[in-house]
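Asker: the amino acid sequence is not available; the structure is as follows:
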């Protein structure tokens, strides 16, 4: 096979906005094969993403105009609220810490981070990637769904079922005055 001078194949052009980073001889089975399952990112995917972004922003703007954000009074260090609750996205963690500071604040969040870091090494299957709720990805989907449900339940518990001094209350009985 005759060697080709790269300067002749890829001449320098000052009008180019991209560059060729490296030439590599193809040894993989996918080199030189055009896939029928692929679509160019531009314009197909990017236009859809821009439209979705515009729809989400419009929905959020409409929701912001229709519903007020429930703000409390200015913070007063002489009279702190009882209970002092974290923002909703930290209420699950605050709920776990209320049972045990070490277990809820260090051990469980640390285990969650370690498991999330290990998922790519535990589930190394190539099938079902990019397919929503693929049966071949039951472990990854199950771990994610379990984490999501537990955190959602902890947030709901911390938001609606905790009263003064972080005591357990039933919201519909507290509203009725019992």
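Answerer: Perfect, thanks for sending it. Please read these numbers as outputs of a predicted model, since none were measured by experiment.

Asker: if you tally nearby residues, what's the number for residue 123?
Answerer: Residues near residue 123, counting by other C-beta atoms under 10 Å, number 15. Backbone N, C-alpha and C define where each C-beta goes, glycine included.

Asker: so it sits right up against residue 142, yeah?
Answerer: No: taking contacts as C-beta atoms under 8 Å, residue 123 lies outside contact range of residue 142: 10.2 Å.

Asker: for the protein, give me the ranges with low pLDDT.
Answerer: Judged by pLDDT under 70, the chain has its weakly predicted residues at 1-39, 174-178.

Asker: for it, what spans make up the helices?
Answerer: Here the chain has its helices, by DSSP state H, at 6-9, 46-66, 91-99, 101-102, 108-122, 138-160, 171-176.

Asker: list the buried residues in the longest one.
Answerer: Right, helix 138-160. 140, 141, 151, 154, 155, 158 (16 or more other C-beta atoms under 10 Å).

Asker: can you work out which other helices and strands pack against it?
Answerer: Packing partners of helix 138-160 (3 or more C-beta pairs under 8 Å, 6 or more residues apart in numbering; DSSP states H and E): helix 91-99, helix 108-122.

Asker: swap the cut-off to 6 Å and go again
Answerer: Judged by 3 or more C-beta pairs under 6 Å, 6 or more residues apart in numbering; DSSP states H and E, helix 138-160 is in contact with helix 91-99.
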